[in-house]
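K.L.:
no sequence for this one, just the structure:
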């Protein structure tokens, strides 16, 4: 399965690279970014234990969990600094607490439509005139702030999970 | 609910209210409707040589929310429906609840059960291997006001036979009407199963599981028991009737020789006992007929000081059996046939668990 996913990703990177090569020859992008969506399922293994697997999000019904993966790569000639990946959380989705991750990435959230971001524990909302700590259902965006430069030719990956309401 | 953070200026807060309202409406739905497109596009901001670069967008992923087919069928009421032999238009009732994430139709079918299907409503509710007649299904004209409360309009005989457009989280009443064959006896049980099949809300055709999942179409994901889009519930009818035990006794009450034998000139009292202690309901509109042996003579003045010839319950009441019931008291003697049925408007009945006796006297002719 992981090999299969790798092939898909590689193909998509290739297609995107080709497109950017033809359409923006003068101002070539320094980065490529590709997002994929998968569904999390729980299967019973031969020894009877439960195992979580990711499959293509071909069939999704309310209550099921989808996982978004954003892969980014520096295809330019210079290191990229201050890399920030931002992903809106669709209205029909609820972020799964603690699911956002990525190596060398600090995770922040927005509860105001992406205007401002903060760490999860710092977010507060006003609900019926009463201020309270934000919960995952309040999140409108998630973003990952890279803590170091993205070197030429290197790539990173950000991920988060959400439940279809 | 997704709400704005507190530390924004007034215009931002006003915008926040509008956004919050949108999100609230979304949150009210129990589940995202089938066919809703869920898209995702990530963006990347970065700098090169300390110069901020234009924001990059990723590709956009998309999937359509699929139809989660989930619903329940429940019996209504706590016991079998009691019926009497020959009673028509009786019904059992079910409640169908759409627990899916969208509108659904439901097709309905009934199946008469047998003893092999076992109890349907607890111990002692097994089918007696008899079937009701004229079984028809009828759906309420509208869904419940309070889902699950069974408070929609009563389904009536001849109503809709399928459930058309039941919204998510709504419930609707379904009745299975039937006629009770006259041959059913006390304690007979006839059970019926209602099969409910989820159907496409547009075409009304039974839903089938999608063979190949496709993120671009609404797939049917069966989340019901058996994952087949079919749910069933069973209920039944129990016949209650009078179980009348009729016995006839005779006793010589006088004879010319004091012998106690039915010798010529002896009078014999016949007592018919109608016993309903084994039944389940009152026995009403009873008609008792007795062909008096032509070898004996009906005594026309046996009771009530000679004023009556039929005695009920050992003299509790009387009537006079006369030709063609000329006195209209419900007792008649037509030739040798005695007919006792009580006067018009006041037929003979024997209450549940009670018994009554009817007596008359004959005489053995001396010649």
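P.N.:
Alright, I've got the coordinates. Remember, predicted model here, so these are calculated numbers, not experimental data.
K.L.:
isn't residue B:32 right up against residue B:66?
P.N.:
No - taking C-beta atoms under 8 Å as the definition, residue B:32 is not a contact partner of residue B:66, at 9.8 Å. For every residue, glycine as well, the C-beta is placed using N, CA and C.
K.L.:
neighbour count winner among the two?
P.N.:
residue B:66 (28 against 24; other C-beta atoms under 10 Å in any protein chain shown).
K.L.:
who's in contact with that one?
P.N.:
When contacts are counted by C-beta atoms under 8 Å, 6 or more residues apart in numbering or on different chains, residue B:66 touches A:59-61, B:34, B:210, B:218-221.
K.L.:
Could you do residue B:200 as well?
P.N.:
B:105, B:206-207.
K.L.:
Let's have the contacts of residue B:66 in TSV, adding neighbour count and pLDDT.
P.N.:
Below are the contacts of residue B:66 laid out as TSV (neighbours: other C-beta atoms under 10 Å in any protein chain shown; pLDDT from 0 to 100):
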residue	neighbour count	pLDDT
A:59	24	87
A:60	23	92
A:61	22	92
B:34	25	92
B:210	17	77
B:218	18	89
B:219	22	90
B:220	20	91
B:221	22	90
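K.L.:
nearest to residue A:81, of the residues you listed?
P.N.:
The shortest gap between residue A:81 and any of the contacts of residue B:66 belongs to residue A:60, at 36.7 Å (C-beta to C-beta).
K.L.:
How much space separates that closest one from residue A:71?
P.N.:
21 Å (C-beta to C-beta, to the nearest Å).
K.L.:
again, but for residue A:80
P.N.:
Distance from residue A:80 to residue A:71, by C-beta to C-beta: 14 Å.
K.L.:
So between the two, which is more surrounded?
P.N.:
residue A:80 (25 against 20).
K.L.:
That one contacts residue B:50, correct?
P.N.:
No - the pair residue A:80 and residue B:50 does not pass the contact test of C-beta under 8 Å, sitting 11.3 Å apart.
K.L.:
Narrow the contacts of residue B:200 to just the buried residues.
P.N.:
Among those, those scoring as buried are B:105, B:207 (criterion: 16 or more other C-beta atoms under 10 Å in any protein chain shown).
K.L.:
which residues in chain A form strands?
P.N.:
A:31-44, A:50-56, A:65-74, A:81-88, A:93-95, A:105-110, A:124-127, A:130-133, A:141-146, A:155-164 (DSSP state E).
K.L.:
Residue 112: how many residues sit nearby?
P.N.:
In the absence of a named chain, this looks at chain A. 25.
K.L.:
ah, no, chain B please
P.N.:
18.
K.L.:
Can you say which helix or strand has the residue lying closest to it once chain neighbours are set aside in it?
P.N.:
Nearest non-adjacent residue to residue B:112, counting by C-beta to C-beta, 6 or more residues apart in numbering or on different chains: residue B:131, 4.5 Å away. For residue B:131, there is no host helix or strand (DSSP states H and E).
K.L.:
roughly how far apart are residue B:131 and chain A?
P.N.:
40 Å (C-beta to the nearest C-beta, to the nearest Å).
K.L.:
Quick check: pLDDT value at that residue.
P.N.:
On pLDDT, residue B:131 comes in at 97.
K.L.:
With the one 3 residues further on instead?
P.N.:
On the pLDDT scale, residue B:134 is placed at 97.
K.L.:
Just after the strand or helix carrying it, pick out the following helix or strand.
P.N.:
Following DSSP H and E, one finds residue B:134 within strand B:133-139. Where DSSP H and E defines the elements, the next helix or strand beyond strand B:133-139 is strand B:163-166.
K.L.:
And the helix or strand encompassing residue B:44, what's buried?
P.N.:
Under the criterion of DSSP H and E, residue B:44 resides in strand B:37-48. In terms of neighbour count (16+ other C-beta under 10 Å), strand B:37-48 has its buried residues at B:38, B:40-48.
K.L.:
what does stretch A:58-73 give?
P.N.:
A:58-62, A:64-73.
K.L.:
Considering only these, which also neighbour chain B?
P.N.:
Among those, the ones lying near chain B by C-beta under 8 Å from any C-beta of the partner chain are A:58-62, A:66, A:68, A:70, A:72.
K.L.:
Any figure for the gap between the most centrally placed residue in chain B and residue A:153?
P.N.:
The C-alpha lying nearest the average C-alpha coordinate of chain B belongs to residue B:92 (C-alpha atoms, centre = their mean; 1.9 Å). The gap separating residue B:92 from residue A:153 is 73 Å, by C-beta to C-beta.
K.L.:
quick one: residue B:309 and chain A, what's the gap?
P.N.:
From residue B:309 over to chain A (counting by C-beta to the nearest C-beta), the distance is 82 Å.
K.L.:
what about that residue, how many neighbours?
P.N.:
Neighbour tally, residue B:309, other C-beta under 10 Å: 23.
K.L.:
Compute the distance between it and residue B:338, please.
P.N.:
From residue B:309 to residue B:338 the distance is 9 Å (C-beta to C-beta).
K.L.:
Where does pLDDT dip in chain A?
P.N.:
For chain A, the stretches with pLDDT under 70 are A:1-28.
K.L.:
name the element the residue in the stretch 51-200 of chain B that chain A sits nearest to belongs to?
P.N.:
Here the stretch 51-200 of chain B gets closest to chain A at one residue, residue B:68, 3.6 Å apart by C-beta to the nearest C-beta. Of the helices and strands defined by DSSP H and E, residue B:68 is found in strand B:67-69.
K.L.:
What residues sit buried inside stretch B:182-196?
P.N.:
Quick answer for stretch B:182-196 (16+ other C-beta under 10 Å): B:184, B:186, B:188-196.
K.L.:
which residue sits closest to residue 79, ignoring its sequence neighbours?
P.N.:
Let's take chain A. residue A:149 (4.4 Å).
K.L.:
actually it's chain B I care about, not the one you picked
P.N.:
Nearest one to residue B:79, counting by C-beta to C-beta, 6+ apart, is residue B:121 at 6.4 Å.
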